[in-house]
Every structure is written in C-alpha cells, then in structure tokens.
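Engineer: Got a predicted model here, sequence first, then my questions.
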Amino acid sequence: MSAPPVPSFFASTANVFRFQLLRIVRGRKLRFGVIAVLLVVIGTAVARFTGGAAHPEQVFETGVRTGFMHMLVYLLPFLFISGTIAEEVESRTFTFIALRPTGRFALTTGKYGAGVAVATALITAGLVLLFLCCFITTPALLGEHIKEFLRVLLACLLLVWAYGAMCMMWGALAVEAAGIVSALYLGVVEFAFSYVPLLKFISMNHYATAIAGYHDDVSEMLQRLELDVPAALCVVIIVVVTALFYGLAALVVSASEYRTSKA
Amino acid sequence: MSDVSVRAVRVSKWYGKVTALQEVSLHLEPGVWGLLGPNGSGKTTFMRIIAGQMQPNLGEVRVCGVKPFGNVEALRRIGLCPEADAMYDELTGLEFVTAMARLSGYGKSEASDRAAASLSAFGLADAQDRKIGGYSRGMRQRAKLAQCVVHEPDVLLLDEPLTGTDPTSRAVILDQIRQRANAGALVLFSTHVLHEVEALTDQVLLIARGQVVAQGRVHEIRDLLEEHPHHIRVVCDRARELAARVLMTSGIVGVRGLSDHTVEFESVDPDTTYTSIATALAQGAFNVSSITSPDATLEALFHYLVERGSRGAGTGSDAEIGSGMRSAAPTSGAGGPS
C-alpha cells in the first residue's frame, strides 16, 4: 500500500477547481446561465435598435442596471454556487470529495472558485456583447464610454464574487434549504433593501451602483438620507464583506458533519 | 505514521435522543473484518467515524495512530466505499475515478493511469468512457469501489459493497478485497449477506443496538456462548437408536428427531457430547452420513447474538452481556489475524 503524500493547499484547490468546473460544464446549469445572459443582451439590443429616440448611453445603463445588476448578478452565483455544497450533501456525493486529503478549506475554495469563474466569464462576455450592441453603430462613443464600461464590469464582478460567497455560506449552513435561504437573503437584503433609505447601506448592490457611477432618482426629502460613499471605499466594503462570508462558509464546511448516508 | 490499525476507545455517538453507538471499544489490525448488524445497528455511523466524516460524542477513534476527523494525513490512508447509490452521473467512469485520484494527490497522467487500472481491476475497462448515469447498479457499485482503492489506501471501509451486484461482479469484488488484504491493508467490510463474509473471512464484528456484541473469529465467539445450547446434527441409518444411546450423556438438554435418518442433539457440554456420539456410533456400527453443527454458521451466531442483545436491551443484563463479550474479544483474535 502506498498512498501518495498529502497534496499542498494550492494543488488541492486546483484539483477541486478543475473537478467542479468539469461538473459545471457537463451540467445543465451552464446552459441556463448562457440562455439568461443571451436573453438580457438580446432584449437590450432589441430596445437599442427599435427604440428610435433612445440614446445608446441610456440603453446601456438600463441594460446594465436592469439586466445585469438587478438580475444576472443574483442569478448566476445562485445558479453555480448556492448548491455547490448543499447539492452534494443532499445527493450524498459529498462523501467522495470530503474523504480525499484535500482539506475542507481547499475544497471550499476550489468549489467557490469554479462557480465564480464561470459566473465571471458569463458576466464579462455578456457585458462586452451589451457594450458592443449599444455603441457599435457609433464607434466614437465606443472609446468614449470605455471607462464607464470598465467601472460597470468591476461593479458587476464584485457583486458576483460577493453574492457567490453569500450563496456559498448559506448553502453550507442550511443544506436542506440552501436555495430558499440564499434566494431570500439575496432577494430581501441585497435587492429590496437597496431601494430602502438607510437599509440600502447593508446592500452590496447599493455600493456596486455607486462604483458603476449610477445614481438613483430620489426625492428631495430622501436625498438628506443619502450618503456619498467614495467608489474606492465601496470596493473595499464589498471585498471585506465577500471575505467575511467566504470565511464563514469555509468555517461551516470545515466543522460540519454532513449527513452523507443513513445512520 | 504508525502501523495500519483502527482503534476505538469507548466511542459513543448519538443523534438527538437516538443512540447510534454506545461505548464501542475495539482494535483492528490488517486483514479482512466483517462488520455485521441489523439495519439501524450503527454500522454506517461507525464507518463514518472511522472515515473521519463525523466525530464521536464521547470516546476516541484513531486510524493508523491519528484521529481521522479533518485530518488529511489520516484521510490519505483511508478509502471508503459508501453505501448510498450516489454518483456523479454527468461524468464518465474514467473522469470520476481520475478526479478522485487527482484529489488524492496524483499528477494528471499518473491519476489517469491509476484510474484506468483501478476500473479495469473491477471489470469496468470497457465501460470507463461511458457516463456513470448510464451504468447499471452493479457497475456503479464497482465504480465506487474503483475510486475507493485508486489511491492504494491502508484502511478500506466498504459499506455494503456487494449491494446490487451479480455473481460475477461479486467474485471480482471479493477477489480484489482479498488481494488488498493480502497486500497489508485493513479491510472493514459491512454486509447483510452473511455467507459472503464467511467466504471472505472468519474475523467478524457483530454490532447490535450500537454495541459490539461480539468480536473475533466465528468459532471462537461460538465457544464464548457457553450458556447457549450447542446443536449437533447427525445423519445416520438408525437415528432413533443413536438418540437413545446418547440421550443419557451429561450435558444433553434436548434431542430432536428431524427425520428417520436425522437427529439433532442440544448440548451445553459439546466436547462430552461429541465424544459420546463418536463412542455410540462406533459401538453400534452405525452407517454415518454426516455430523454437523448448524450453530457454526455465521447466520446462526448472528441471529442468536442479536436476539440475546434485544432481550437484554436497556437493562443491567444488557450491560453484562455487552461487557462480557467485549472482555472476551482480545482472546478471540481482536488483536489481529494470525
């Protein structure tokens, strides 16, 4: 008998990442994700080329805010990450990977990384397509709005990573109800609260909107409650919250005696 | 890292108010061990604790000298074939086993080679490029076993590995288990199919109601059950006459004629009874077809112990039975195979 030496953390993480990526590529969720992104891009393109009076900038902002920041940034992490632990525990395949000498921190990191990588690729591809759709007919605007595009891209990706960590944490903590709990958290705290004065400051979506350079139209009275948070600070807040949720997820997975078979 | 072994010291585990394991203590060394017990007896819980998937509420388990929960050094040396028929259906057999080998620490090409060899050893070479979702139950079972051994673990934990397998597959699986044990591995094999354990090993652990009710070699355990009448079945030409000759021997507590040619003696002193039967057969010039003991089969032993454990459950007698069996265990081969 000669089992190999214990792989390093990075080797283990890379192995889990590859394995999870293979599963996502082979699974149905990737197709749903691609279809969702295409629907948003196609819908925006239709609005761009059929709404005669609309400016490309307006169409781009509407497409980004409605399609990406209020839909895809929630949907994609939910699709690829919320069930990454929970589904394996529920389907009882978690045993196979938990038994390997990878360490549960590497396991969590690899799984999170794979889900986030796929969501990042789809969001990036979708935003590039959206940007091209909106500005392709006026090449001068293409260069003019490249900074806005990069800000939007950064905002959306930060949200994807943050929401991915949240889904990971809730999925690891509430295995039997991973989908419901993750959806409720994202729907209430991240989406609904982003419209409520004061409460919006606990929503990462609010900070991401600020990073993208977009502003909500609010009444004069509510403007008094507005707080102008610099974009750099918004980035730091989202990164810290992401790290916090990710750390909690790793702790939960490491300490859990998941039910993987009958007693 | 110390030698290959599994040691449990007063291990207890409960789920809420349900006690899954109660003060289980044992020491296993390389070889094949059959783990037997009725449904809900705590077999799977025990295996999961050894496999480092859960921690005992009380007591301690050590695998190869280290605690297994969350310990990658221990996990490196453990292979588990879980009972649940759960697999990654979207992957091919080769992809699945290769991925498991890579997670165990092998490089890409070595992992692939080992996976192919492992699948081949379990008769899945032709099906390795098919998706697992299309496998039969027996093939899935063999794929699970292939991933279990791909990293050459020192401790193999096989939870009902023969479920859903046909006779040919069973032969392949049992042969692989023997090979691994001969190479120095410790194999803990749980099953309900008792004769398969008997065919593979005579070292057994019997677990009932979360307690190890017996541990050791089948015949040695049998010898421990002194209060349980031993049955001796003789098939000969004049069964009634033989019964009459042997009836008055000391230790005989019952005689049953099963047919004109078969008589079964019930004895609490088997040695004396065997001698008396042999003497009577010789003196009476009987034509003997066979002398057997139905109690020597694992099935009889298992049912008897479980029945006895159930009778005494939750009482002082239960504790007495349990402790009595366990204290006898080291003399019954618990220290390892001879």
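Structural biologist: In hand now; what should we look at? Numbers count the residues shown, from 1 in each chain, chains lettered A, B, ... in the order given.

Engineer: For chain B, what is the nearest residue in the stretch 151-263 of chain A?
Structural biologist: Using C-beta to the nearest C-beta, the single residue of the stretch 151-263 of chain A nearest to chain B is A:Glu257, 3.9 Å away. Placement of C-beta: from N, CA and C, glycine included.

Engineer: Give the helix, strand or coil label for that residue.
Structural biologist: Three-state assignment for A:Glu257 (DSSP: H, G, I helix; E, B strand; the rest coil): coil.

Engineer: Now it. Nearest residue, chain neighbours left out?
Structural biologist: Ranked by C-beta to C-beta, 6 or more residues apart in numbering or on different chains and with sequence neighbours excluded, the top spatial neighbour of A:Glu257 is B:Met54, at 3.9 Å.

Engineer: Next, the buried residues of the strand or helix carrying A:Gln58.
Structural biologist: Following DSSP states H and E, one finds A:Gln58 within helix A:56-62. Neighbour counts over helix A:56-62 (16 or more other C-beta atoms under 10 Å in any protein chain shown) mark A:56, A:59-62 as buried.

Engineer: would you turn these into JSON lines with distance to B:Tyr88?
Structural biologist: Below are the buried residues of helix A:56-62 laid out as JSON lines (distance: C-beta to C-beta, whole Å):
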{"residue": "A:Pro56", "distance to B:Tyr88": "45"}
{"residue": "A:Val59", "distance to B:Tyr88": "43"}
{"residue": "A:Phe60", "distance to B:Tyr88": "41"}
{"residue": "A:Glu61", "distance to B:Tyr88": "42"}
{"residue": "A:Thr62", "distance to B:Tyr88": "41"}
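
Engineer: What ranges does the stretch 51-200 of chain B have for its strands?
Structural biologist: For the stretch 51-200 of chain B, the strands defined by DSSP state E, counting those that start in this stretch occupy B:58-63, B:78-81, B:155-159, B:186-190.

Engineer: so which of those comes closest to chain A?
Structural biologist: Closest to chain A of these is strand B:78-81 (C-beta to the nearest C-beta; 5.3 Å).

Engineer: Quick one: mean pLDDT over the closest one.
Structural biologist: For strand B:78-81, mean pLDDT rounds to 93.

Engineer: Could you tell me which residues of chain A lie near chain B?
Structural biologist: By C-beta under 8 Å from any C-beta of the partner chain, the residues of chain A that approach chain B are A:1-7, A:11-12, A:15-16, A:18-19, A:22-23, A:26-27, A:91-93, A:95-104, A:254, A:257-258, A:260-263.

Engineer: List buried members of the residues you listed by neighbour count.
Structural biologist: The neighbour-count test (16+ other C-beta under 10 Å) marks A:1, A:3-4, A:6-7, A:11-12, A:15-16, A:18-19, A:22-23, A:27, A:92-93, A:95-104, A:258, A:260-261, A:263 as buried among the residues of chain A next to chain B.

Engineer: low-scoring stretches of the stretch 101-250 of chain A, by residue?
Structural biologist: Scanning the stretch 101-250 of chain A for pLDDT under 70 picks out A:216-227.

Engineer: For chain B, what's the nearest residue on it?
Structural biologist: Closest residue of the stretch 101-250 of chain A to chain B, C-beta to the nearest C-beta: A:Pro101 (3.9 Å).

Engineer: Provide the count of other residues in contact range of A:His215.
Structural biologist: For A:His215, the neighbour count with other C-beta atoms under 10 Å in any protein chain shown is 10.

Engineer: Could you state which residue of chain A sits nearest its centroid?
Structural biologist: Central residue of chain A (C-alpha atoms, centre = their mean): A:Val160, 2.0 Å from the mean position.

Engineer: would you turn the strands of the stretch 51-200 of chain B into a markdown table with mean neighbour count and distance to chain A?
Structural biologist: Converted to a markdown table, the strands of the stretch 51-200 of chain B look like this (neighbours: other C-beta atoms under 10 Å in any protein chain shown; distance: least, C-beta to the nearest C-beta, whole Å):
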| stretch | mean neighbour count | distance to chain A |
| --- | --- | --- |
| strand B:58-63 | 19 | 12 |
| strand B:78-81 | 26 | 5 |
| strand B:155-159 | 25 | 7 |
| strand B:186-190 | 26 | 10 |
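
Engineer: nearest to A:Leu127, of those?
Structural biologist: strand B:78-81 (44.2 Å; C-beta to C-beta).
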